[in-house]
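> kindly return the folded structure for what I paste below:
(2 chains)
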Protein chains: 2
Amino acid sequence: MSTDRIVPGFRFGATTAGIKQSGKPDLALLLADEEVAAAAVFTRNRVQAAPVLLSRERIAAGRARGVLVNSGNANACTGPAGAQAAESMARAVADAARIDERRLLVASTGIIGVPLPVDKIVAARGALLEATRPDGFDDFSRAILTTDQGEKTAARSVTLGRRTVHLLGCCKGAGMIAPNMATTLGFVVTDAACKRRWLRGALREAAAASFNAISVDGDTSTNDSLFLFASGRADNRPLSSDKGQADEARAFSEALTDLLSELAAKIVGDGEGATHVCTIEVEGAASHRDAEAVARRIGASPLVKTALFGADPNWGRILAAVGNAGVDIDPDRVDIRIGDVLVARHGAAVEGAREAAHAVMKQDRYTISVHLHRGRGSGRHVTCDLGTSYVRLNADYST
Amino acid sequence: MSTDRIVPGFRFGATTAGIKQSGKPDLALLLADEEVAAAAVFTRNRVQAAPVLLSRERIAAGRARGVLVNSGNANACTGPAGAQAAESMARAVADAARIDERRLLVASTGIIGVPLPVDKIVAARGALLEATRPDGFDDFSRAILTTDQGEKTAARSVTLGRRTVHLLGCCKGAGMIAPNMATTLGFVVTDAACKRRWLRGALREAAAASFNAISVDGDTSTNDSLFLFASGRADNRPLSSDKGQADEARAFSEALTDLLSELAAKIVGDGEGATHVCTIEVEGAASHRDAEAVARRIGASPLVKTALFGADPNWGRILAAVGNAGVDIDPDRVDIRIGDVLVARHGAAVEGAREAAHAVMKQDRYTISVHLHRGRGSGRHVTCDLGTSYVRLNADYST
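As a prediction, this is how the structure comes out:
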């Protein structure tokens, strides 16, 4: 266990409560030593899981003591009993830990529409607290997973004046055929001192540039949540929107955005059955909004995504997706590059480009660039290929 | 060859021009004995293939002599050369058939972005015309296919006054993970006599209630086209919007809608790798528009479609899709039925419903009904499951 995995002021734990049929760890706790500044962003789906509703309410004040997470059951679409279950799981663990239950947030991921077995969580609380320790981050990061192929973590440090502050984060994703359909959970802790209101704004901005370009978009799952806790133990001058602190605030925000981007890319790369991660860059749109709509449409197109799986430079599918974005475009002006290879100019094939483009698409990671030649708007979206194993994983998830 | 497959006034032919690498028939001709009333609806994608642009222009007058179809190459995203290719293919066959080229429509389906090998079509025109005969409909219906598993045809007859008129249609589809991404081509002939303007309106209405509820929607492929030709040989009083003809017009429109619905269902059922066809019925929405948006969103959700593949009664994914439709809903009021089995009431599970719902989902065809309890709007969408073979079919389509 490297010291990278320790952030002053926080403890982590995980155990197996028996919610997952697989017998893998499915209950995790992130606990601050005392009440800390905290912020979160949540799903925009009209259907919001009980843990989202509860955590949203509890974090409104901008402070929390920690978050209790279960995997294997989303506690979503579970009616009034679901709201009680979310409160009960928090109360059971808060009582055992002797903390104020109103300061314990909750997150759940897994199957939707099945009652949460709260009794299993209650029964496991002792083991969970016993396992909770400063170097428990790796256990935490594994216990939050569902169909993910492995844990996804990232760390950064940044110097603020004479202090070095640390950021440590993990997330879970998967279900990436349409990134916006996956449940994404993310957790970041830092020992930086931050004003609560500033922290919230910093998280929103960083999420927009990272998680929102893959999954926490207008279209999201019922449970998507991203949490940020700041213990202040680094003893830096608390970050705020004061002018005198603009440089420090920017440095921290950049590190946070960078960390979240790494986590977001790991979610895409660990998409169910994903073998390629592809960044879609759109330029020359009439507006940024148009560019983002086009990038998202390309990134979400099943026909494009299956072509990525086959490393098939079928750029016609890309152009067809552009035409379906609901954005005014002129197909005869569109240029498309796969990596550095210009495959379509003015909406038509560039001869002899196929083999070179195919070679690019065999790589694990590459970029597809689309130029609309209509204006200065640009946008991007990170997506992955759609392979046969996605279907197998999702076809019998609950049976 | 049954006489069902003959409609007075029309001939059909097909041959192998060598556009498809498989060596299967890939060139088809539908030819009326003389110029006839004709109508068509086309894709709404901003990127429209050359044959769509040409046919749209040529059919504006409401009459045509026939349509030349090639499969294996969509002649889409092919630049100015594509427009020339569409004209050239029509001219070559029209000249050989000694008809006015401006009355010959064209349709293409297959790979996008690759120049159409017009020379192969020119070379095959003799064989095509030789094969063209009144009982050639089945050959025609096979030569228009791409990744379809089999031909899709339907026939109806309807009595108008003392005359019986016939309708005969075929189509191709496939690529049904997102039905709106597939290229759909449809062709219907009838011996009914119809006023040209009336014919166009009748086709639009019938398409809205059938093809538009699966694929010729706001989101469409570059080549989607649906053609209707009316020879008038049944010698009925020409159908029109005259009040005195309301009953006859309604009878014909119902038969046309019915025929197109059968064809549309066959497209869904023959979706690439599809094993189940599922009709999504939405009721109780604030408006029909809302209901249709919700039905479409459920029908397009990859997570729902993989659950259909696994016969997994994971209704939480259905409710999550409802929440992503961009429509104002109250999740705690939503009821969901799979077949006759109520699986969710007021947004929460109905206990003991799983096994019965699973049994329904093992059927080839069934209905999922969603009641929003907000108003009187209703809508439907026909979709299919997403299986592993879809991915295999689409991953190496062009390589």
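> so how many other residues sit close to the residue in the stretch 251-399 of chain A that chain B sits nearest to?
Per C-beta to the nearest C-beta, A:Gly316 is where the stretch 251-399 of chain A lies closest to chain B, at 2.4 Å. The way it works is simple: take the backbone N, C-alpha and C, and place the C-beta from them, glycine included. Residues within reach of A:Gly316, counting by other C-beta atoms under 10 Å in any protein chain shown, total 28.
> which stretches of chain A form strands?
Assigned by DSSP state E, the strands in chain A fall at A:10-15, A:27-42, A:63-73, A:104-111, A:152-160, A:163-172, A:185-190, A:225-230, A:277-285, A:335-338, A:341-345, A:348-349, A:365-371, A:377-384.
> dump the ones you listed to JSON lines, plus distance to B:Pro238, mean neighbour count and mean pLDDT.
What follows is those, written out as JSON lines (distance: least, C-beta to C-beta, whole Å; neighbours: other C-beta atoms under 10 Å in any protein chain shown; pLDDT from 0 to 100):
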{"stretch": "strand A:10-15", "distance to B:Pro238": "77", "mean neighbour count": "24", "mean pLDDT": "98"}
{"stretch": "strand A:27-42", "distance to B:Pro238": "61", "mean neighbour count": "24", "mean pLDDT": "97"}
{"stretch": "strand A:63-73", "distance to B:Pro238": "64", "mean neighbour count": "26", "mean pLDDT": "97"}
{"stretch": "strand A:104-111", "distance to B:Pro238": "59", "mean neighbour count": "27", "mean pLDDT": "94"}
{"stretch": "strand A:152-160", "distance to B:Pro238": "67", "mean neighbour count": "19", "mean pLDDT": "96"}
{"stretch": "strand A:163-172", "distance to B:Pro238": "65", "mean neighbour count": "23", "mean pLDDT": "96"}
{"stretch": "strand A:185-190", "distance to B:Pro238": "65", "mean neighbour count": "28", "mean pLDDT": "97"}
{"stretch": "strand A:225-230", "distance to B:Pro238": "64", "mean neighbour count": "28", "mean pLDDT": "97"}
{"stretch": "strand A:277-285", "distance to B:Pro238": "49", "mean neighbour count": "22", "mean pLDDT": "93"}
{"stretch": "strand A:335-338", "distance to B:Pro238": "49", "mean neighbour count": "23", "mean pLDDT": "97"}
{"stretch": "strand A:341-345", "distance to B:Pro238": "47", "mean neighbour count": "20", "mean pLDDT": "96"}
{"stretch": "strand A:348-349", "distance to B:Pro238": "44", "mean neighbour count": "20", "mean pLDDT": "89"}
{"stretch": "strand A:365-371", "distance to B:Pro238": "49", "mean neighbour count": "20", "mean pLDDT": "96"}
{"stretch": "strand A:377-384", "distance to B:Pro238": "52", "mean neighbour count": "23", "mean pLDDT": "87"}
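> of these, which is nearest B:Thr190?
strand A:348-349 (37.9 Å; C-beta to C-beta).
> where does chain A have low pLDDT?
Of all residues in chain A, those with pLDDT under 70 make up the ranges A:1-4, A:174-182, A:213-220, A:271-273, A:388-399.
> so stretch A:349-369, near chain B or not?
Yes - Stretch A:349-369 comes into contact with chain B (C-beta under 8 Å from any C-beta of the partner chain), by way of A:Ala349, A:His358.
> what about that stretch, start to end distance?
15 Å (C-alpha to C-alpha, to the nearest Å).
> now do the same contact list for the residue of the stretch 101-250 of chain A found nearest chain B.
Going by C-beta to the nearest C-beta, chain B is nearest to A:Ile112 of the stretch 101-250 of chain A, at 2.4 Å. Taking C-beta atoms under 8 Å, 6 or more residues apart in numbering or on different chains as the definition of contact, the neighbours of A:Ile112 are A:Ala49, A:Ala74, A:Ala76, A:Cys77, A:Thr222, B:Asn314, B:Gly316, B:Arg317, B:Leu319, B:Ala320.
> farthest pair in those residues?
When these are compared pair by pair using C-beta to C-beta, the two farthest from each other are A:Ala49 and B:Asn314, 14.9 Å apart.
> around chain B, pick out the residues from the stretch 1-150 of chain A.
When proximity is defined as C-beta under 8 Å from any C-beta, the stretch 1-150 of chain A approaches chain B at A:45-48, A:74, A:76-82, A:111-115.
> which among the residues you listed count as buried?
Members of the residues of the stretch 1-150 of chain A next to chain B that pass the buried threshold by neighbour count (16 or more other C-beta atoms under 10 Å in any protein chain shown) are listed as A:45-48, A:74, A:76-79, A:81-82, A:111-114.
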